[in-house]
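Quick check, what structure comes out for this input:
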Amino acid sequence: MTSPSVALSAPPRGGLAKAFLNLTAAPSIPALLFTMLLIGPTMRGHYYVAIGAVLLVAAYRLLPRNDHRVFVIYILGFAIFNGIRNLADNTGFAVNYTYPIDIDAAMFGAVPTSWLQDHLYEPGRLTALDWASALIYSSYFWAQFVVAGLIWAFRRQLLERFVGVTLVTLVIGVAFYAVLPTAPPWLAAETGDLPQTARISWLVLSDVWTNSYSQGTHIVGPNDVAAMPSLHTALSVVIAMAAWRTGRLIGLLGWSYAFAMAFVLVYVGEHYVIDAIAGAAAAVFAWRFVARLEQRSSITVAEPAAAGSSALAAERERPLKEAA
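Below is the predicted model of the structure:
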């Protein structure tokens, strides 16, 4: 009796390298984010963007196609956005101060930021509304990453859509920042285009963490004339649209967050209503754009498979026809 032979095959070419990259991808995510944020303030913007772009291409080409690669691309995309956002106010285009004031006044009969602060803000005193507004406003800096983690944990099939929509939205934002630099209400007030307007979020956060707020904005890419469109609103709408696809209750919470963000941005003097509307429109466009790309990709993949199945069926039918 002969024993069955056991065939030992070598790992596929490149398999060991891909396995190593897959193993090291997970711990590289927080390390990559920390490194990009750490070197950002000390590096010239264009070098920072160039390094981020090289790393992005390397991650896309070298890392195995899995969730680790999606997260690495996501973080690098944000890092590149911060670098470009920091450079976008140096394109040579004149800063616009008045057109959003005119649009908001035409829509509401008055500028909503001025009206809200006249009725709700108490100069020299930070109220519960001010603290809540600052909390919602600052959630922009971490909510996207928390939601991405929750999607990965509970609705993994939605992760690539969420990441793709977020990055497309950021591209739309920086394109507008480059060609249409727009001053927010608090800055327009400093030039006299608006009545005195408090930058409430800055007052609250600076009161809690002295100098940390200004240092934090320097790290993530300062640009005081990046008001149109509002990416705070845009990314909160991306969260809301993703939440809606996970369940009605979670969707309602997501949209409540998006509307609360839009209200807060206007109240604290960071954005006009038209900025928020433009941000929401950018998010909806990005969602539909990525969905269309996914649809085309699935059709492209399905066509060769269908052709192969038809050919196999024809081969199987041929002997039957010949026998008949």
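
Run through the helices of this structure in chain order.
For the chain, helices defined by DSSP state H occupy the ranges 15-39, 45-62, 67-87, 99-108, 112-120, 128-138, 143-154, 159-179, 185-190, 200-208, 212-220, 231-244, 248-267, 273-323.

other SSEs contacting the fourth one?
Using 3 or more Cβ pairs under 8 Å, 6 or more residues apart in numbering; DSSP states H and E as the contact definition, the elements that helix 99-108 packs against are helix 112-120, helix 273-323. Where you see a C-beta, it was placed from the backbone N, CA and C, and this is true even at glycine.

need the contact list for Ala278.
Going by Cβ atoms under 8 Å, 6 or more residues apart in numbering, Ala278 touches Phe176, Met228, Pro229, Ser230.

what's the distance between it and Thr127?
Taking Cβ to Cβ, to the nearest Å as the measure, Ala278 falls 29 Å from Thr127.

same thing with Phe289?
41 Å.

same deal with Val163?
Taking Cβ to Cβ, one finds Val163 at 37 Å from Thr127.

Which one's more surrounded, the two?
Val163 (22 against 13; other Cβ atoms under 10 Å).

That one against Tyr74, yeah?
Yes - using Cβ atoms under 8 Å, Val163 is in contact with Tyr74, at 4.7 Å.

count of neighbours near Trp152?
With other Cβ under 10 Å as criterion, Trp152 counts 16.

actually Ala132, sorry about that
The local packing of Ala132 (other Cβ under 10 Å) involves 13 other residues.

and Leu158, what does it touch?
Contacts of Leu158 by Cβ under 8 Å, 6+ apart are Ile151, Ala242, Arg245, Thr246.

let's see 6 Å
Applying Cβ atoms under 6 Å, 6 or more residues apart in numbering to Leu158 gives the contacts Ile151.

And it, how far from Gly247?
The value you get for Leu158 to Gly247, if Cβ to Cβ is used, is 12 Å.

Same question for Ala283.
Counting by Cβ to Cβ - Ala283 and Gly247 are separated by 20 Å.

Settle it for me: which of these two has more neighbours?
The residue with more neighbours, out of Ala283 and Gly247, is Ala283; 28 against 12, by other Cβ under 10 Å.

How about the more buried one: what's its closest non-neighbour residue?
Val237 (3.9 Å; Cβ to Cβ, 6 or more residues apart in numbering).

Check the gap between Phe162 and Arg69 for me.
Phe162 is 15 Å from Arg69, by Cβ to Cβ.

Could you do Ala132 as well?
37 Å.

Next: Gly254.
For Gly254, the distance to Arg69 - Cβ to Cβ - is 26 Å.

between these two, which one's more packed in?
Set side by side, Gly254 and Arg69 show more neighbours around Gly254, with 23 against 18, by other Cβ under 10 Å.

dump the residue contacts of the more buried one.
Ile239, Ala240, Ala243.

Give the closest residue to it in space, chain neighbours not counted.
Using Cβ to Cβ, 6+ apart, the closest residue to Gly254 is Ala243 (2.9 Å).

and that neighbour, how many neighbours?
25.

Surely it and Gly251 touch.
Yes - when contacts are counted by Cβ atoms under 6 Å, Ala243 is listed as touching Gly251 (5.0 Å).

show me where pLDDT drops low in this structure?
Along the chain, segments meeting pLDDT under 70 span 1-67, 83, 85-90, 207, 209-222, 298-324.

Need the nearest residue in space to His232, chain neighbours excluded.
Tyr140 (4.7 Å).

tell me which residues of stretch 148-168 are tucked away?
Of the residues in stretch 148-168, 148, 151-152, 155, 158-168 count as buried by neighbour count, 16 or more other Cβ atoms under 10 Å.

same check, this time on stretch 278-297
Ala278, Gly279, Ala280, Ala282, Ala283, Val284, Ala286, Trp287, Val290.

With stretch 234-244 instead?
Ala234, Leu235, Ser236, Val237, Val238, Ile239, Ala240, Met241, Ala242, Ala243.

What are the contacting residues of that stretch?
By Cβ under 6 Å, 6+ apart, stretch 234-244 touches 144, 147, 162, 165-166, 169, 250-251, 254-255, 257-258, 261, 279-280, 282-283, 287.

cool, and stretch 183-200?
95, 97-98, 113-114, 121, 130, 224-225, 227, 268-271.

Convert it to CSV, retaining C-alpha atoms only.
Extracted in CSV, the C-alpha atoms of stretch 183-200 (Å, rounded to 0.1, in the frame of the first residue of the first chain):
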residue,chain,number,x,y,z
ALA,A,183,-13.9,85.2,4.6
PRO,A,184,-16.1,83.8,7.5
PRO,A,185,-18.4,86.1,9.4
TRP,A,186,-16.0,86.8,12.3
LEU,A,187,-13.3,87.9,9.8
ALA,A,188,-15.8,90.0,7.9
ALA,A,189,-16.6,91.8,11.1
GLU,A,190,-13.0,92.7,11.6
THR,A,191,-13.0,94.6,8.3
GLY,A,192,-16.3,96.3,9.0
ASP,A,193,-18.4,94.4,6.5
LEU,A,194,-20.5,93.0,9.3
PRO,A,195,-21.4,94.3,12.8
GLN,A,196,-19.3,93.0,15.6
THR,A,197,-19.3,89.2,15.5
ALA,A,198,-17.8,87.0,18.2
ARG,A,199,-15.9,83.9,17.3
ILE,A,200,-17.6,81.9,20.0
